[in-house]
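Engineer: Next comes the sequence, and after it the predicted model I'd like to discuss.
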Amino acid sequence: MASKKPARRRDADDRGSPTETRGHGDELQQLAGGTHPPLTTAQGIPVADNQNSLRATPLGPTLLEDFILREKITHFDHERIPERIVHARGSAAHGYFELTESLAEYTTAKVLTEAGGKTPVFVRFSTVAGGAGSVDTPRDVRGFAVKFYTQEGNWDLVGNNIPVFFIQDAMKFPDVVHSVKMEPDRAFPQAASAHDTFWDFVSLTPETMHMIMWAMSDRTIPRSLRTIEGFGVHSFRLLDAKGNSTFVKFHWRPKLGIQSTVWDEAVKLQGADNDFHRRDLFEAIQAGQFPEWELGVQLFTEEEAEAFPFDHLDPTKLVPEETVPLRIVGRLVLDRWPDNFFAETEQVAYCPANIVPGIDFSNDPLLQGRLFSYLDTQLSRLGGPNFHQIPVNAPKCPFANHQRDGHMQMEVHKGRVNYEPSSLQADSPRATPAGFRSHTTPPDDGAKGRIRAESFADHYSQARMFFRSQSKLEQAHMASALVFELSKVETPHVREAIVGHLRHIDASLAQRVADGLGMPELPPAPPARVPAQDLPPSPALRIIDRMRDTLEGRCVGILVDDGSDAATIKALRKAAEKDGATVKIVAPKLGGATLSDGRRQAADGQLAGTPSVVFDAVALVLSEDAGAALAKEAAAVDWVRDAWGHLKAIAADAGARKVLKAGGVGRDAGVVDAGDAAAFVKAARTRQWEREPKVRTLA
Ligand code: HDD
């Protein structure tokens, strides 16, 4: 058919000039106003037509000669780089670290000694198991990686929101990661630990038990990245001018307090908003509500460490704050969203080996392995040894050495001298006495070998301490989480083995999980090299008691419709905003609603697309008619049913009561009259934990 069209005819006009634009697409070029710089190829050649490829005739084949098309497509074909093997999904921001208390007594590192000094940082948060395009709210550990661009070079504190790790030795890292990622034959589940391979590995690796307790706690279903804690995990060293060493553990404490979701909410958030955490971080920064953390340090000497009833070099152990209190020495503020996700968030390359003079590593065998792994992974992820020149990775202090050439070299190094010692160039870089020096750890007298230290053999005591330090509700959440995860495990002996381990941690926990799984009897506990000791509980490890009662950083949703009482909405909004909340209006239609005073109220979200899971507290202000209509609308009924089930404060006026009834909302201190804005704000500052036993059976 096409071949018969007259357009195939070649005539004098067809030939035109080489840069001539013809046919469909011309008009697109005219659309936008403004003063645009000329579009060029990567070689700087101006492009006349960005709509049509170069074709032999109007309906003929495309010509290989079209270097503009080839360059464009080739670049596009290579846009993706390998995603991180772990922590692939992440969100990041720029900001600064401000030292508020000098640690000059312990270290020479300027970033930790110059009180009042501000150091630029780039912080990336991540989930561990899922791919780059996975959801934000699975049950998972969160990465908390901070790159400090100090005056003495880059210091990367690459931590997590949990102070311990699954394994003791880097040798096991590929195994634990393989086991938790999607299973290799079926390629599922994505971003989930609830499957056979993970629990199989765990069941055969008792050192994971402490971290498993944390992973099953509410820490792994955070409300926001702004409400997670961060930990450097390992013991590091601080070194003073004489080389004296003090051990240090780093902690980040969120200013908004630590806050989590409830499991059902986290699951529903995955449907409501895949990008819930990324969006929350973005919106907070754009709104000038800059996320903030305190930096706390635990400092202890070698001698003090000797007295701990555990080995602090074992990364499955934490140092209780009750033993070594936290000293707050600084604050971290994130105040700028990256300009470009790929250039910054994707290309940022953290390496725990990036450390500055005055800080040093410890002999933690997990840390030692990490010192190798990160540089290695960046070489394959970023394609060569010059990734430190990418702006987000480059130090902000001067840097110079004799490393040269390599893939994607961006520097034009001058001069003849690219070696040392040399006498030919007066300004060529030389080592300096102020440079990095390692702690001179005296050698121990043991023999070389593939050894797991005897002091690493206790796998249950701190797991027990963590479990027993939790409030009753948190313990119930952990038991329920274990039941959920193990219910997804198809292999009976794996489920049984895990419950066996739990018997070493807490007999009641093991029984609850066994009951939750419907096991007829408790499986045997595996032999334990070192039986669990009863360490004193550490209340600092709880979440619920430590949540800050505040509306700061929280979001309130108000459901309105035509005829909603304008004064009530205004009062609720005013009170919530005064307390620090962000308020969003939800209506059945995005166009909004006409309120009782005849004013048109715009909506921030449409009801069906804005479920209550995205809010921390909800209010419904509805006329009698709207209430009656919405009581038959599943989206509205779910709105209140979920808010009730997720333990949120609910304010409702008379018209909205019908919706509450349809949603099965009961009565408690968290369900208030919409006319009482003060009562609503008070209830909205926290979750209604006492409601929980009424809404779900906890294991
Ligand atoms: Fe790791 C990434 C945190 C043990 C090997 N790790 C990575 C990231 C974080 C952590 C936050 C993401 C950084 C970013 O945002 O780009 N990793 C930890 C913590 C660990 C830990 C807190 C234990 C205390 N990691 C660990 C071990 C190994 C690795 C034992 C290997 C021996 N980690 C890597 C890696 C990654 C990584 C494969 C993947 C992407 C990357 O490094 O840049 O090299």
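Structural biologist: That came through fine. None of the values given here were measured: they were computed from a predicted structure.
Engineer: interface residues of this structure facing the ligand?
Structural biologist: Taking C-beta under 6 Å from any ligand atom as the measure of proximity, the chain contacts the ligand at 84-87, 90, 124, 126, 143, 145, 158-160, 165, 170, 173, 233, 315, 348, 350, 366, 369-370, 373-374, 377. Heads up, the C-betas are built off the backbone N, CA and C, glycines and all.
Engineer: For whichever residue of the chain sits closest to the ligand, list the residues it contacts.
Structural biologist: In the chain, the residue that lies nearest the ligand is G143 (2.7 Å; C-beta to the nearest ligand atom). For G143, the contacting residues are 87, 90, 124-128, 158-161, by C-beta atoms under 8 Å, 6 or more residues apart in numbering.
Engineer: from the chain's centre, how far out does the helix or strand where it lies sit?
Structural biologist: Assessed by DSSP states H and E, G143 sits inside strand 142-150. Centroid displacement of strand 142-150 relative to its chain, using C-alpha atoms, centre = their mean, to the nearest Å, is 12 Å.
Engineer: what helices or strands is the following helix or strand past it leaning on?
Structural biologist: Once the chain leaves strand 142-150, the next helix or strand it forms, by DSSP H and E, is strand 153-160. Applying 3 or more C-beta pairs under 8 Å, 6 or more residues apart in numbering; DSSP states H and E, we find strand 153-160 packed against strand 142-150, strand 230-231, strand 245-254.
Engineer: quick one, strand 153-160 and strand 245-254 angle?
Structural biologist: 60 degrees (axes from the mean of the first three to the mean of the last three C-alpha atoms, to 10 degrees).
Engineer: quick one, the longest helix seen in the chain and strand 153-160 angle?
Structural biologist: Ranked by number of residues, the top helix in the chain under DSSP state H is helix 365-382. Using the same axes, to 10 degrees, one finds that helix 365-382 and strand 153-160 are set 110 degrees apart in direction.
Engineer: what's downstream of helix 365-382, the next helix or strand?
Structural biologist: helix 461-469.
Engineer: outside of that following helix, which residues touch it?
Structural biologist: By C-beta under 8 Å, 6+ apart, the residues outside helix 461-469 that reach it are 164, 209-210, 212-214, 217, 309-310, 316-318, 320, 475, 478, 504-506, 509, 530, 532-542.
Engineer: Could I get the average pLDDT for it?
Structural biologist: For helix 461-469, mean pLDDT is 98.
Engineer: buried sites along it?
Structural biologist: Neighbour-count burial for helix 461-469 flags 461-469 (criterion: 16 or more other C-beta atoms under 10 Å).
Engineer: Widest-spaced pair of those residues?
Structural biologist: S461 and S469 (12.3 Å; C-beta to C-beta).
Engineer: Next up, the contacts around R223.
Structural biologist: So R223 contacts 259-261, 616 (C-beta under 8 Å, 6+ apart).
Engineer: would TSV of these with neighbour count, secondary structure and pLDDT be doable?
Structural biologist: Output for those, formatted as TSV (neighbours: other C-beta atoms under 10 Å; DSSP: H, G, I helix; E, B strand; the rest coil; pLDDT from 0 to 100):
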residue	neighbour count	secondary structure	pLDDT
Q259	24	coil	96
S260	23	strand	96
T261	23	coil	97
D616	26	coil	98
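Engineer: Looking at these, which is nearest S203?
Structural biologist: Using C-beta to C-beta, S260 comes nearest to S203 of these, at 26.2 Å.
Engineer: Tell me how far the closest one lies from D405.
Structural biologist: Using C-beta to C-beta, to the nearest Å, S260 is found at 49 Å from D405.
Engineer: Over to P433?
Structural biologist: Distance, P433 to D405, by C-beta to C-beta: 29 Å.
Engineer: neighbour-wise, which of these two wins?
Structural biologist: Neighbours were counted for P433 and for D405 using other C-beta atoms under 10 Å; D405 has more, 10 against 5.
Engineer: Need the pLDDT of the more buried one.
Structural biologist: At D405, the model reports a pLDDT of 97.
Engineer: Also G33?
Structural biologist: Looking at G33, its pLDDT reads 71.
Engineer: Let me see the contact set for it.
Structural biologist: By C-beta under 8 Å, 6+ apart, no residues touch G33.
Engineer: Which of the three states applies to R70?
Structural biologist: helix (DSSP: H, G, I helix; E, B strand; the rest coil).
Engineer: can you give me phi and psi for the closest residue in space to it that isn't next to it in sequence?
Structural biologist: Spatial nearest neighbour of R70, excluding adjacent residues (C-beta to C-beta, 6 or more residues apart in numbering): L64 at 7.6 Å. For L64, the backbone dihedrals (degrees, to the nearest 10) come out as phi -60, psi -30.
Engineer: Sweet, I'm off.
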